[in-house]
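**Q** Pasted the sequence and its predicted model underneath.
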Amino acid sequence: MTDSKTTTKAVNVTSKASVSVLFAGDSGDGMQLTGTQFANTVAVRGSELNTFPNFPSEIRAPAGTISGVSGFQLQFGSKPVYTPGALFDVMIAMNSAALKANLKNLHQGGIIIAGTDGFDEKKLKLAGYPAGVNPLEDGSLSNYTVFPVPVQQLTREALKDSGLSSREVDRCKNMFILGLLYWLYNLPYEGTVEMLKSKFSKKPLIADANIKAVTAGYFFGDETEIFANIGRFDIPPEKEHGTYRRVTGNEAAAIALAAAAKKSGLELFLGSYPITPATEILQNLAKMKKWGAKTFQAEDEIAGICSSIGAAFGGALAATNTSGPGFALKTEALGLAVIMEIPLVVINVQRGGPSTGLPTKPEQSDLFMAMYGRHGEAPLPVVAASSPVDCFYTTYEAARLAVEHMTPVICLTDGYLALSSEPWAVESPDNLAEIKPRIHAPRKPEDPPYLPYKRDENLVRSWAIPGTKGLEHRIGGLEKQNETGNVSHDPDNHELMTKLRAEKIARIADTIPLQTLDNGAAKADLLVLGWGSSYGAIKTAVAQAIEKGYSVAHAHLRYINPFPKNLREILGSYKQVLIPENNNGQLVHIIRDTFLIEPVGFSKVKGLPFTEMEILAKITDLIKEL
Amino acid sequence: MTDSKTTTKAVNVTSKASVSVLFAGDSGDGMQLTGTQFANTVAVRGSELNTFPNFPSEIRAPAGTISGVSGFQLQFGSKPVYTPGALFDVMIAMNSAALKANLKNLHQGGIIIAGTDGFDEKKLKLAGYPAGVNPLEDGSLSNYTVFPVPVQQLTREALKDSGLSSREVDRCKNMFILGLLYWLYNLPYEGTVEMLKSKFSKKPLIADANIKAVTAGYFFGDETEIFANIGRFDIPPEKEHGTYRRVTGNEAAAIALAAAAKKSGLELFLGSYPITPATEILQNLAKMKKWGAKTFQAEDEIAGICSSIGAAFGGALAATNTSGPGFALKTEALGLAVIMEIPLVVINVQRGGPSTGLPTKPEQSDLFMAMYGRHGEAPLPVVAASSPVDCFYTTYEAARLAVEHMTPVICLTDGYLALSSEPWAVESPDNLAEIKPRIHAPRKPEDPPYLPYKRDENLVRSWAIPGTKGLEHRIGGLEKQNETGNVSHDPDNHELMTKLRAEKIARIADTIPLQTLDNGAAKADLLVLGWGSSYGAIKTAVAQAIEKGYSVAHAHLRYINPFPKNLREILGSYKQVLIPENNNGQLVHIIRDTFLIEPVGFSKVKGLPFTEMEILAKITDLIKEL
Amino acid sequence: MTDINPTTTLTAKDFASNQEPKWCPGCGDHAVLQQIKSVLPELGVSSENIAFVSGIGCSSRLPYYMATYGIHGIHGRALPMATGLKAARPDLSVWVATGDGDALSIGGNHFIHTLRRNPDLNVVLFNNKIYGLTKGQYSPTSKLGLRTVTSPAGVIDHPFNPASLVIGAGGTFFARAFDKDGKFLRSILLRAAQHRGTSLVEIYQNCPIFNNAAWDAFANADIKAENTIYLEQNKPLLFGKEMKKGIRLEGFKPVVVDLEKGGVSTADLWIHDETDINKASILARFADTDPDSEGALPRPIGVLYAEDRVTYEDALTGQVRDARKNGAGTLAELLKGDNSYVIK
Amino acid sequence: MTDINPTTTLTAKDFASNQEPKWCPGCGDHAVLQQIKSVLPELGVSSENIAFVSGIGCSSRLPYYMATYGIHGIHGRALPMATGLKAARPDLSVWVATGDGDALSIGGNHFIHTLRRNPDLNVVLFNNKIYGLTKGQYSPTSKLGLRTVTSPAGVIDHPFNPASLVIGAGGTFFARAFDKDGKFLRSILLRAAQHRGTSLVEIYQNCPIFNNAAWDAFANADIKAENTIYLEQNKPLLFGKEMKKGIRLEGFKPVVVDLEKGGVSTADLWIHDETDINKASILARFADTDPDSEGALPRPIGVLYAEDRVTYEDALTGQVRDARKNGAGTLAELLKGDNSYVIK
Ligand SMILES: Cc1ncc(C[n+]2csc(CCOP(=O)(O)OP(=O)(O)O)c2C)c(N)n1
Ligand SMILES: Cc1ncc(C[n+]2csc(CCOP(=O)(O)OP(=O)(O)O)c2C)c(N)n1
Ligand code: SF4
Ligand code: SF4
Ligand SMILES: [Mg+2]
Ligand SMILES: [Mg+2]
């Protein structure tokens, strides 16, 4: 077989810094696999990369309709890319619904590669086009560069001797398109061929057909004249040498928990209940039994967190993961973990609310609940991850804080981070921060009585693990006497313990890193203060704004409770602070309350992440007003 | 039998404006009954009154110990009294533990009436006095006026022919003390005699013995010389004529729900699960079947609120009541009620937290949870009651807001209000605000389709009650399309609906009364801004401060979300704002966030309400600093 | 069940909402929906007097497809919502659609409490032995060893036997049917609707996407007759293609007997009596055996248990009625209370 | 149960903490606590290897009085906490103290799920048919008609039969005893401790304050013999002061027979077999009859059901062991993953 380097024709190859691509088609069209393969290929070649799958929200939306469109977005480039691309340079539309649903996100002048068989009368109707209207033919796409490709017909031709049923043949369409894209972006298809061989090792006919489709697509690019005007593109890979892996946020969070357990010498226990978009953390950890991870799929979220509290009492690094509705159910038990002062990591992969809301869409609207959503005075640390890879570092940090400060910690991610992926330079174990559990040594009979609520200089109590002689103790949800931990109804003691619990969390500010600027000058006109998954969009937008000469900086919070100690000073160094959030301004309220300043909020509550253009436009507006 | 007017001796009777009394003894000593009888007597006579029972926190604390002390506090006076009295003028100590536990709250120079049999060696030891120490004898009480009364011996003497066992005789001790107190405060004992007759109508011997004990106590006062120095007291009743009843906060809340149902023409449904100190609301409504109240003791708090959501969907005035831990469990379902936009009253009788905390002690620490404790953007109205009687008006108002604005409403009370009582001038049905449900009329087949999420000028949707022809509709927790209520994942629609839900709650500010001042000038140095059960203490303290010539005012919030529209203006009219709270400053945070001002917080987190002295001292400090 | 109003003549179509079902092609839910819509006209209750309540799951989407009142609630909480609705509105016909995850995992507590309280609800439990909506995690009815995304090494949680759980919890009605049972399913739904009290119908529902063929050992045409037994009241337990196999009790142990082999006749067989809780308890346990295992028992289909017991809402309404036997309370009385006093 | 270490010689006192029990005088909880403390030495597990977990309620205060590790958790959640603890630490002996409200009302879901999963927990269920701690509201085991502060007109919720619920949920051990059963209670607790799996011991506990004498029909000395039946494995079901009454099965219906009246002998009687789930199911139903009602059956005391089944933590640990059969994963391997690639 010819390989992808042996293209015959001399086509013009244009070098580009980055490209964003959308693969879109019907749920049944295999767009996720196609996108993933493309992503793997560019990653392995050494490109920077960011991907995001865009599933239909409905269980199984009707085929051919808008709500049935499944997409896979990615951006790759020579230099780091921080988002999957807000506007696409290229869109693969396997059918008319895919085109209709996504056209608004295509750059003016962008490329559309349309599978023409997805634009027949029936499909146009399903997509909701008026009778007789075909966007490929009515000139409505004149602002774009459209390449109608009869993908189905070409695939059928390529596979006419495959011995497969016509349904099986048609299912190879996506590989044809993939091959064509490889050609267009000057990429090798060999990795995909290997993958197909191993994936279908027990179905050689299928493997062969898919491989043929990939190569057919590739050489179609070579042979057809339609791309003559634009030629091919090359995005030269520039990634530093090293070992990488591609991770989604949910994968990264799962790895972080297992890694924190290893590093701290504890056993990992995850008590969980499935919920979109958090389930993959449970799923990934369920596969990590080799690393001793114990996962428990509980009957509900309450049992999930309570089993983790039991495991934490037993000396495990215990965690629970969930999303909004499940997070709400965990609040009572979280209060117990607060007053017991035991380590516990709670990962909330936020999704659109309230109630069931938009279960498959990301949102940042559980910040209030994380901060304030417990009865009584029950403060605890809250951290938030900013990128798929940062889900590793932030979750790991949550585990460190939990174990070293004997407290439940809430780690916020969201459905966007959960499913997005990016390359991650494989970490060396030695680079990970130490995690030192406050485990109390056994007590000899002649030693003074064990005091479970005696505290160290950080106000952290010790961890007495069952099985340790002489440390037997009973604790629970009732207010405790200072030091002894015995039940106490004493008024002054209650006030003391309330303040001690609050002060313990506040003092974490003494041990965490100071807030740094991600970009921009230490004093400037505008600070964009972000948290969570808006990182990529803000980073990109601020870089662009600075390039335009705006006096802008970007700080992104990992620690929301407590805030880094220098945050007040940072906020005071700018004329204005802009806080973009995928909610109605929850961090804005917390910042107002804490610092008595009046930042500008920028809300987007659409179940969609910010785009860099939106942020940039807002920055531009504000800068002009200043 | 002689009546209480026929006292023989001419004892000096001093007139006083108000007196606060504590009845304290062992759990078995019947102090609750004694206090209640005394309260009834002064109430019926026309005094102003405020009572508070002080149960032991433990299930059954060991007899004779400090933790076994049961108390009943009351204050009565000619003019309105707003607290049960922070420092007592008189303390009945049936045993040494009762004395020890409560001495700190007795006014210097206050009266102690001590049951000497409670001060024998054994009881002194149980109370924790060192061997050989008897406070009645060692001069340690020289700052007080102590009257040792051999209550047991005197009761036994009085009842020597009663035919009762000595245990039964001893159980009448409390009535002896009650009689003595009636004498001391120049009060009639006939009401109690009537009560005893009817209570023990089937046990005439017991009735007789108790009646004898009351009169014996009364005439002991007459005959003994020990009170010669102080004489008797009279607190002239001045209450306006009218019909009154005495209610606790929990009683008042229950009546309010039933009354709101009657007034609105709806049926009342309460789904609930027992929890201290909220259970009496369920218990009271369970007795109101005559008014059609349906109560459902659910398997847990989740089923409690969910059954109410079902009932609300069915057209009932639905409510649920709980305290901290149960409130936490209801948060997920509360989010559903928010997005369904159905009326629901949630009463949270706050207690000490976090977790199980101090279950029998009041606290105001669930304000954050009420405001922010739901996942997603899920705003709802929050109101708070300020006195036992106000539990009626605030709960009623919560029901009105729920029904007229189609929203769940959180009504905050606490364990202090729940159990405190005061006289309430019986309301006339006509005085209650109208409650007009937004019930949609049946639809004829030719009418346009029913739009469940079409809104009126207040952004309120209509209520389509099952059984109504043509309004069949299905709604739930998923985001809805504007107007139709069909499931929608459309990004812009989600943002629109999020804003509409928020705006609907915000607009309630247009319909609620403006904030008024409870006392003080519209412009002054200091505003004390309170919410909830601190009302009485603040009111009393501010009145005292004004009397001292301080420039102070008092505003007490019923509406916390949304705030009354004029609150900003009010806050701006004072040099300083003081916010006393039984929490770590939760309203302070909300005020800072909302108005960007820096009020002074005053926290007390001891499971105890504020006293007027504490507030006054704080006011004094602040005024001096200004 | 609400009283039948014989004048209406409705059809299945009258109960279909304008929303297109969004279940996967081939999903068993489609067939069940069809039978539900087809049985409603028989009840003679018009659509505005019917409510469907559900939790969250594929199956819990069902209310959207009914032209009745409906709540698509939150995960696991359909039953308390339905109980509250029925308690407040005993006049409505209240149905519940729920899944094995919704009813038996997160909703397990409400499940057992509803059953013992016995409000008049018709509960349709779609048992596909998997979490469909969240894409294929095991459920409390998944079989031991099943490999799913959350049990990559196989399920280790001993599954519930829903029939045993229902009877153990004090339920008054348990029946079982297949999604594709067509008219038979319809007849079971009708029985359920007619039962006054909480009727629990467990439907063996296929999820072709995440747990395909989970019921094939019973449902497939070629083996169905050998592996299932359709129960009929007062009839002997007979099954098999030729109806020549039966169930006999040996001591306390039910065993399969072959009527064609000598020595056993129909007279020796277990006679089905749905009102006998002891029989029902044993019958429920048939589902503990797998078709191909040693001593396998056929899966009973139909009404396993039915008991007459007062419904929750009747008892509640009765207490309200009793309290009002001397007249309902007025608002003035309510406000005045029992212990008011007059100051003159 | 944790392996027995025969060298320690501990006594009940070694298991008493320094906290004074704060239950009411005469509360049945005192006696149960005493038996628990007295049985622990027999297990040969030292106090640091034992944990008591509870929820909220009077009975849930028990852990404070034990000199072991302990969690006094939140209402209803003792079982998942204990499951997590046992899963993480299979080496510990884990006990659960819970009440009829804690376990069966708010904790009902965890109750049934724990039972089916079968972690090795010893669960002591204090059934006083009332909410004690919150001062006397009815519970899911309160009898119909009981007037309490929340049921002034009488309870209308059909109560749970805990034995039926346990067996229906797939539990592997159910036993019953009285608070005042002394040595017998101790022997039952020992059996429970020895059972590998979730052992459920229902204790008929008297709450003299809020539901006094609820069990008197069974517990009072003069009638106890007539109204209870103490089960012994492989022995006929005999009871009565003179042990002259027995239980025979008529069809599927257990009936009381008088051995002194002619025509029945011990040979006709039901032989107790705690391993027979069908027998156990019927035996469990005995509790549905009241002592003075028509056809009343005596209340079975002792071990009603015991089944050998792998415990949850053994299955889980087994899967971890299997996954590590070629060695445990290292941190470096974890960080590298399966799909890393090298850029040169
Ligand atoms: C509180 C909460 N937890 C978890 C979820 C996620 N969730 C939705 S449906 C479901 C399981 C559905 O399974 P089942 O009830 O069997 O329905 P099916 O989809 O199989 O019909 C889960 C875990 C949720 N929506 N809410
Ligand atoms: C979430 C929550 N809901 C309610 C309560 C109040 N509560 C405490 S114990 C209890 C019932 C206790 O009954 P049971 O378990 O039978 O124990 P008992 O006191 O009878 O031993 C209730 C309702 C609580 N503490 N937490
Ligand atoms: S996932 Fe399964 S249960 Fe859900 S709709 Fe598809 S086939 Fe049906
Ligand atoms: S209230 Fe009842 S159960 Fe609770 S301690 Fe007292 S007697 Fe025991
Ligand atoms: Mg399912
Ligand atoms: Mg109980």
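**A** Okay, I see it. Ligands and ions are numbered 1, 2, ... in the order given.

**Q** Using the three-state scheme, assign the closest residue to ligand 2 within the stretch 251-400 of chain A.
**A** Of all residues in the stretch 251-400 of chain A, the one sitting closest to ligand 2 is residue A:332 (6.1 Å; CB to the nearest ligand atom). Glycine gets a C-beta too; all of them are placed from N, C-alpha and C. Here residue A:332 is helix, with the state taken from DSSP: H, G, I helix; E, B strand; the rest coil.

**Q** check contacts around it.
**A** Residues near residue A:332 by CB atoms under 8 Å, 6 or more residues apart in numbering or on different chains: A:302, A:375, B:325, B:328-329, B:355, D:74.

**Q** which two in those residues are spaced the farthest apart?
**A** A:302 and A:375 (15.0 Å; CB to CB).

**Q** So for those two, which residue has more residues nearby?
**A** Between residue A:302 and residue A:375, counting by other CB atoms under 10 Å in any protein chain shown, residue A:375 is the more crowded of the two (32 against 29).

**Q** Is it correct that residue A:570 falls within a strand?
**A** No - read with three-state DSSP, residue A:570 is helix and lies in no strand.

**Q** State the number of residues packed around it.
**A** So residue A:570, with other CB under 10 Å, has 21 neighbours.

**Q** What distance do you get for it to residue A:73?
**A** From residue A:570 across to residue A:73, the span is 33 Å (CB to CB, to the nearest Å).

**Q** related to what we said a few turns ago, now do the residue of the stretch 251-400 of chain A closest to ligand 2, the pLDDT please.
**A** The model reports residue A:332 with a pLDDT of 98.

**Q** Grab the nearest non-local neighbour of it.
**A** Distance criterion CB to CB, 6 or more residues apart in numbering or on different chains; nearest residue to residue A:332, sequence neighbours excluded, is residue B:328 at 3.8 Å.

**Q** Show me what the helix or strand encompassing the one you found packs onto, helices and strands only.
**A** Secondary structure from DSSP states H and E places residue B:328 in helix B:324-329. For helix B:324-329, the elements it packs on are helix A:331-340, helix B:301-313, strand B:344-350, helix B:367-372, judged by 3 or more CB pairs under 8 Å, 6 or more residues apart in numbering or on different chains; DSSP states H and E.

**Q** Is ligand 1 within reach of the longest one?
**A** By that I understand helix B:301-313. No - Helix B:301-313 lies apart from ligand 1 when judged by CB under 6 Å from any ligand atom; the minimum separation is 10.2 Å.

**Q** show me the contacts for residue C:159.
**A** Contacts of residue C:159 (CB under 8 Å, 6+ apart): C:129, C:140-144, D:116, D:170.

**Q** Check residue A:12 too.
**A** A:231-232.

**Q** And for the one 5 residues further on?
**A** By CB under 8 Å, 6+ apart, the contact set of residue A:17 is A:77-79, A:235.

**Q** Repeat the analysis, applying 10 Å as the threshold.
**A** Neighbour list for residue A:17: A:48, A:77-79, A:81, A:235-236, A:238 [criterion: CB atoms under 10 Å, 6 or more residues apart in numbering or on different chains].

**Q** And residue A:478, by the same measure?
**A** A:339, A:486-489, B:57, B:352, B:355-359, D:56, D:61, D:64, D:72.

**Q** now with 7 Å?
**A** A:487, B:356-357, D:72 (CB atoms under 7 Å, 6 or more residues apart in numbering or on different chains).

**Q** Any chance of the residues you listed in CSV with pLDDT, secondary structure and distance to residue A:276 as columns?
**A** Shown next, in CSV, are the contacts of residue A:478 (pLDDT from 0 to 100; DSSP: H, G, I helix; E, B strand; the rest coil; distance: CB to CB, whole Å):
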residue, pLDDT, secondary structure, distance to residue A:276
A:487, 95, strand, 41
B:356, 96, coil, 32
B:357, 96, strand, 34
D:72, 98, strand, 35
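
**Q** between those residues, which is closest to chain C?
**A** If you rank the contacts of residue A:478 by distance to chain C using CB to the nearest CB, residue B:356 comes first, at 20.2 Å.

**Q** State the distance from the nearest residue to that closest one once chain neighbours are set aside to ligand 2.
**A** Excluding the flanking residues, the one nearest residue B:356 by CB to CB, 6+ apart is residue A:477, at 3.4 Å. The gap separating residue A:477 from ligand 2 is 8 Å, by CB to the nearest ligand atom, to the nearest Å.
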